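Q: Just need the structure, nothing else, for what follows:
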Amino acid sequence: ALHDPHSTMRPIYYIATAALIPLGDFVLHDYALIIAGIFALCGSIGALYNIAMHLAYWTQPVYQLWIVRVLFIVPIYAMISFLSIHEASLGLYLEIIRDCYEAFVIYCFLLWILNVIGGEEACAVSIAQRMNMRHPCPLCCLPPLRLNAGFLRMCKQLTLQFVIMKPVTATISFLLLVIGGESLYYNSVWQLLMLSTYNVSYTLALYGLFLFYIATKDEMNSVSPVRKFLAVKSVVFLTYWQELLIPVVFGSEYSDKTNDFILCLEMVMFAFMHYRAFPWYEFKYKQLQVEKIGYGYTNFGGLEDITTFRSPSNSPRAAAGAAGGGDHHHHHH
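A: Next up is the predicted model:
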């Protein structure tokens, strides 16, 4: 494609070959492999230790199940990146597995947030009290969002389209590889199509999660959502942008291997971020746990019950308890 005058990818190749940092064939040497291996191993051990401790203190399966699934992304990434440096053709297939798991992690994170807030109905009711929300900065000219069940559904759809998109494109990539080998897979039409769909899909998913996060910020204060949000997102989205940038910075000749090498180094950092964001010791003692927000929404008769919130009497929890038909498991403060 480099010498083909009609190639649409030509400007991209020109940029890619003008590398800013000449790494050369550093990644092809054995010592690069050893360095990557050590880092990948450290990252994996860190993540697996956290997972093992979570399993040892399995006090709140509802939350920990999702957390453990999210934590597994580090060892999977580390292993696949390491193998890809070693065996490039195998790497293409393994990356497809990695992509699918990545999508699964985002789905897990979404469900985990909903679980923490206390299920979808609870979430819908507690954000509905704030009525409207403006779009974040670049899009603030758009009409403000109504915070209702529809808003939650929109956030879920924006996120889930990516969860579906990713395995679909991965499957097509896999079929192309199996049928036509690497020449068909690296076909400029498919690469352009894949990159552009990914870009749109990623951006929408991030935006959906971001809106969801802004709306539920107050409900989530007890579980330090920012750190968790960053820990999960950075693995998925930073690695994606990195994949696009590396050919520009280091030259395109060995960009895949360079990317895998850098990923291996980063896994230590990601393992540390995950350890800080989802530490097992939060679940060490049952009595210290964050209590689920105790609104008995599920047994609300209809919307008229929600007006009890606006009543000046008692705390909203007590009102919700009364509306919920005298649930006695609410903790009053």
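Q: Next up, the contacts around Pro75.
A: Pro75 sits next to Gly43, Ser44, Ala47, Leu48 when contact means Cβ atoms under 8 Å, 6 or more residues apart in numbering. In this view, the C-beta of every residue, glycine as well, is placed from N, C-alpha and C.
Q: which of those residues tops the neighbour count?
A: Gly43 (27 neighbours; other Cβ atoms under 10 Å).
Q: Contacts only, for the closest residue to that residue other than its chain neighbours.
A: Of all residues not flanking Gly43 in the chain, Met267 sits nearest, at 3.1 Å (Cβ to Cβ, 6 or more residues apart in numbering). Residues in contact with Met267 (Cβ under 8 Å, 6+ apart) are Phe39, Ala40, Cys42, Gly43, Ser44, Val74, Tyr77, Ala78, Ser81.
Q: what's the answer for Ile85, then?
A: Contacts of Ile85 (Cβ under 8 Å, 6+ apart): Val27, Ala32, Leu33, Ala36, Gly91, Lys257, Asp260, Phe261, Cys264.
Q: now do 7 Å
A: Counting by Cβ atoms under 7 Å, 6 or more residues apart in numbering, Ile85 touches Val27, Leu33, Ala36, Lys257, Asp260, Phe261.
Q: Can you report how many residues neighbour the closest residue to it other than its chain neighbours?
A: Spatially, and ignoring its direct neighbours in sequence, Ile85 is nearest to Asp260 (4.7 Å; Cβ to Cβ, 6+ apart). Using other Cβ under 10 Å, Asp260 has 27 other residues around it.
Q: Hmm, Ser84 and Asp260 touching each other?
A: Yes - contact criterion Cβ atoms under 7 Å: Asp260 and Ser84 qualify, at 4.4 Å.
Q: Can you check which residues contact both of the two?
A: With Cβ under 7 Å, 6+ apart as the test, Asp260 and Ser84 both reach Gly91.
Q: which sections of the stretch 1-150 of the chain are below the confidence cut-off?
A: Along the stretch 1-150 of the chain, segments meeting pLDDT under 70 span 1-24, 119-121, 123, 126-143.
Q: what are the ranges of the strands in this structure?
A: Remark: strands assigned in the chain by DSSP state E are 132-133, 145-146.
Q: Can you check which helix is longest in the protein?
A: The longest helix of the chain (DSSP state H) is helix 149-185.
Q: residues of that one that come out buried?
A: 151-152, 155-156, 158-160, 162-163, 165-167, 169-170, 173-174, 176-177, 185 (16 or more other Cβ atoms under 10 Å).
Q: and what of stretch 181-197?
A: Tyr185, Trp190, Gln191, Met194.
Q: got the contact list for the first one?
A: Same thing as Tyr185. Contacts of Tyr185 (Cβ under 7 Å, 6+ apart): Leu92, Ser173, Leu176, Leu177.
Q: Please write out the alpha-carbon positions of stretch 144-154 in CSV.
A: Extracted C-alpha coordinates of stretch 144-154, given in CSV (Å, rounded to 0.1, in the frame of the first residue of the first chain):
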residue,chain,number,x,y,z
PRO,A,144,-30.8,20.3,29.1
LEU,A,145,-31.4,16.6,29.9
ARG,A,146,-34.4,15.5,31.8
LEU,A,147,-33.2,13.2,34.6
ASN,A,148,-35.7,10.4,34.5
ALA,A,149,-35.8,6.7,33.7
GLY,A,150,-35.4,7.6,30.0
PHE,A,151,-32.1,9.4,30.8
LEU,A,152,-30.8,6.3,32.5
ARG,A,153,-31.9,4.2,29.6
MET,A,154,-30.1,6.5,27.2
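Q: rewinding a little: out of the contacts of Tyr185, who's nearest Pro247?
A: Leu92 (16.2 Å; Cβ to Cβ).
Q: For that closest one, list the residues it contacts.
A: Leu177, Tyr185.
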